[in-house]
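Colleague: when you get a sec, could you give me coordinates for this:
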Amino acid sequence: MISVSEATAIVLSHSIETGVEEVSIQEACGRVLKETVRADRDFPPFNRITMDGIALAHEYWLKGQRTFAIEGIQAAGQQQKRLTTPNACLEVMTGAMLPEGADTVIPYESLEIKEGNAYIKAEKIEKGESIHYQGADAHRDDELLPPGIKISPAEVALIAAVGKKKITVAAFPKTAIVSTGDELVPVDLIPLPYQIRRSNSYALQAALRELNCSADVFHLPDQPEILDAEVKKILQHYSLVIFSGGVSKGRYDYIPQTLEQNGIQKRFHRVSQRPGKPIWFGTSSRHVVFALPGNPVSTYMCFYRYIRPWLMKSLGIEAPAQQVVLAQNFSFKPALTYFLQVKVKNEMSQLKAYPLAGDGSGDFANLKDVDGFIELPAEVTDFKAGQVFRYYPFRS
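Modeller: Numbering: from 1, shown residues only. This next block holds a predicted model:
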């Protein structure tokens, strides 16, 4: 049995290059950019009006002129107009081009418009007011977005602004989720007294979907011959495979031997942690395989502790470590790293974690009340309020 830190190092050392694919900008949010996005022209591409009002030549204000004849309107989306009379003005709309001959914009709030004239009420006007100058944000061919960033709606706006309908992003490994156990029945059936509905595979599928990674779901019985044949088929089509159940030391826990006889090299089996001690991890030249304990809380926590960080590293996403303050004293005696479920509250600008330990690794109903878990080191028994620990959130 190895430590959590050793298991983490092994898992992350087997991150992979997932490749790239091209997606539409409508599908880009949440994906990892794999190309450099450059400005196809200056940003903004012209001297842009930022306030509704009038545009004029500032020199006439300096000469004491306060009333300006209005020659017309420069609207957004129109070709640039020009002042035909140098000491006149044009009404201008936000987003419009600055008219030729003008260098200052005065908003309507500082004006009185009357009988075709604009009367300026402001006592001070600076040259260049309310103008977003061409190239102020970026010049043509400037790098706007580097590869490796996670695309948010803000990046989608920039991608659209440079005219790219499609963008190159990190591809996801083709992923399968496999639950095992003869006691598990489909969610739409009424279980017999000795059965339960399948839930782990749906939780894992949903957790992957938060990273925009899709996964196909399978269920296999606890029968060695069927397991061997079906696992062989799954490994032919999927590079990331996540098992739930069948990895402990029970008489019907066939997954480790099934994987090894199908060419998956065991990297570790059993980690000094609770919950999730029986976790199994293995690889081949084409596969990464996680086999998680079947207890719901174990499955859930192992995903967030190992699989999610592995996938994020493989995609090139940096995930800064989060820390919280333990809000109450807590004791845990076994010499194991403990993943303590917590409710996190922001108190006086400090994130405080309140323990909600639940009733063990089978108590997945407790998960609805928790925000994540903190990692308590194995070499300590008593943990004091005020101590800071690494936090793994379930909810964004």
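
Colleague: C-alpha from now on. contacts and neighbour counts both.
Modeller: Noted.

Colleague: thinking Gly77 is in contact with Thr94, fair?
Modeller: No: Gly77 lies out of contact with Thr94 (C-alpha atoms under 8 Å); the separation is 10.2 Å.

Colleague: settle it for me: which of these two has more neighbours?
Modeller: Thr94 (18 against 10; other C-alpha atoms under 10 Å).

Colleague: okay, and the more buried one sits in which element?
Modeller: Using DSSP states H and E, Thr94 sits within no helix or strand.

Colleague: separation between it and Trp61?
Modeller: Here Thr94 is placed at a distance of 22 Å from Trp61 (C-alpha to C-alpha, to the nearest Å).

Colleague: equivalent analysis for Ala39, please.
Modeller: Applying C-alpha to C-alpha to Ala39 and Trp61 gives a distance of 37 Å.

Colleague: where does the stretch 101-250 of the chain dip in pLDDT?
Modeller: Along the stretch 101-250 of the chain, the model assigns pLDDT under 70 to no residue.

Colleague: quick one, strands of it?
Modeller: 104-107, 111-114, 117-120, 131-132, 143-145, 166-170, 175-180, 184-185, 196-197, 216-220, 240-244 (DSSP state E, counting those that start in this stretch).

Colleague: make CSV out of those and add distance to Pro334.
Modeller: Converted to CSV, the strands of the stretch 101-250 of the chain look like this (distance: least, C-alpha to C-alpha, whole Å):
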stretch, distance to Pro334
strand 104-107, 70
strand 111-114, 76
strand 117-120, 78
strand 131-132, 64
strand 143-145, 49
strand 166-170, 41
strand 175-180, 29
strand 184-185, 31
strand 196-197, 30
strand 216-220, 34
strand 240-244, 25
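
Colleague: closest to Pro278 out of these?
Modeller: strand 240-244 (11.0 Å; C-alpha to C-alpha).

Colleague: contacts for the closest one next, please.
Modeller: Strand 240-244 has contacts (C-alpha atoms under 8 Å, 6 or more residues apart in numbering) with 173-180, 200-201, 235, 287-294, 299.

Colleague: want to try CSV for the strands of the stretch 101-250 of the chain, with mean neighbour count and distance to Val32 as columns?
Modeller: Shown next, in CSV, are these (neighbours: other C-alpha atoms under 10 Å; distance: least, C-alpha to C-alpha, whole Å):
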stretch, mean neighbour count, distance to Val32
strand 104-107, 24, 41
strand 111-114, 14, 48
strand 117-120, 19, 51
strand 131-132, 21, 31
strand 143-145, 16, 11
strand 166-170, 21, 5
strand 175-180, 23, 18
strand 184-185, 18, 36
strand 196-197, 16, 35
strand 216-220, 16, 22
strand 240-244, 24, 18
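
Colleague: give me the distance from stretch 8-21 to the chain's centre.
Modeller: 18 Å (C-alpha atoms, centre = their mean, to the nearest Å).

Colleague: gap between the two ends of that stretch?
Modeller: Stretch 8-21: ends 28 Å apart by C-alpha to C-alpha.

Colleague: give the rounded mean pLDDT of it.
Modeller: What stretch 8-21 shows for mean pLDDT is 96.

Colleague: first-to-last residue distance for stretch 129-140?
Modeller: Note: stretch 129-140 ends 24 Å apart using C-alpha to C-alpha.

Colleague: list the buried residues of that stretch.
Modeller: Buried residues in stretch 129-140, counted by 16 or more other C-alpha atoms under 10 Å: Glu129, Ser130, Ile131, His132, Tyr133, Gln134, Ala138, His139.

Colleague: just send the residues you listed back as CSV, with distance to Arg251 too.
Modeller: Formatted as CSV, the buried residues of stretch 129-140 follow (distance: C-alpha to C-alpha, whole Å):
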residue, distance to Arg251
Glu129, 79
Ser130, 76
Ile131, 76
His132, 72
Tyr133, 74
Gln134, 73
Ala138, 65
His139, 67
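
Colleague: with those residues in mind, which one is nearest to Leu192?
Modeller: Nearest to Leu192 among the buried residues of stretch 129-140, with distances taken as C-alpha to C-alpha, is Ala138, at 65.3 Å.

Colleague: and the gap between that closest one and Ala39?
Modeller: 7 Å.

Colleague: and Ile196, by the same measure?
Modeller: 56 Å.

Colleague: all strands for the stretch 251-396 of the chain, in order.
Modeller: 265-269, 273-274, 280-283, 288-292, 322-326, 330-331, 337-347, 350-355, 372-376, 382-383, 388-393.

Colleague: quick check, Pro86 in contact with Glu100.
Modeller: No: Pro86 lies out of contact with Glu100 (C-alpha under 8 Å); the separation is 9.9 Å.

Colleague: domains for this structure, by residue range?
Modeller: 4-18+172-315, 21-41+141-170, 48-132, 322-393 (automatic domain parsing).
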